[in-house]
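> sequence? don't have it. structure:
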């Protein structure tokens, strides 16, 4: 059953582009280092497998939150609207 | 009524220490640039006011997610366990 995910990565800049690309194939980009969206069990397993291969487990960390639904999730931000990542790096 | 918050900041490193300190007074630190915890309406208003003063609105961005409760929130991470921020900077 699909759940709604928020994923925040903290990885060495050498691996940011690779990690960003993997996440972008499964989720919507929200803010620098933050992605969100729906994943079913197979997708999350696949995503975890790909990310685990891409990161250095001693240096990098990727945090996953999941919820049964985004219907109760409220979002807002302070400051500038998020840049498109592709314009940032 | 209190809600459960996840807050992710993306601020210029000149302002990281200040923003981190403000967030730490209201929420629990989870991973570099990620905080979470319960806030009632007054607390969140106060926190937003302090953060708005501390950031540069053109350069910095702080993303807030809120939920009625953390009871359906599942968390896990890949890679290293989060460092204590105070050891990082």
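That came in fine, so what should we check first? All values derive from a computational prediction rather than experimental measurement.
> can stretch A:33-42 be found next to chain B?
Yes: residues of stretch A:33-42 contacting chain B under C-beta under 8 Å from any C-beta of the partner chain: A:33, A:34. Where you see a C-beta, it was placed from the backbone N, CA and C, and this is true even at glycine.
> could you give the mean pLDDT of the lengthiest helix in chain A?
As assigned by DSSP state H, the longest helix anywhere in chain A is helix A:41-54. Mean pLDDT, helix A:41-54: 97.
> tell me how many other residues crowd residue A:20.
Residues lying near residue A:20 (other C-beta atoms under 10 Å in any protein chain shown) number 18.
> and the helix or strand containing it, how far from the chain's centre?
Here residue A:20, judged by DSSP states H and E, is contained in helix A:13-24. Relative to its chain's centre, helix A:13-24 lies at 10 Å (C-alpha atoms, centre = their mean, to the nearest Å).
> tell me the mean pLDDT over it?
For helix A:13-24, mean pLDDT rounds to 96.
> which helices and strands does the helix or strand following that helix pack with?
Remark: after helix A:13-24, the chain's next helix or strand is strand A:28-31, criterion DSSP H and E. On a contact count with 3 or more C-beta pairs under 8 Å, 6 or more residues apart in numbering or on different chains; DSSP states H and E, strand A:28-31 meets strand A:34-39, strand B:61-67.
> partner strands of strand A:28-31, with direction?
Sheet pairing here is set by DSSP bridges, and for strand A:28-31 it gives strand A:34-39 (antiparallel).
> on that earlier part again, elements contacting the helix holding residue A:20?
With contacts taken as 3+ C-beta pairs under 8 Å, 6+ apart, helix A:13-24 sits against strand A:3-10, helix A:41-54.
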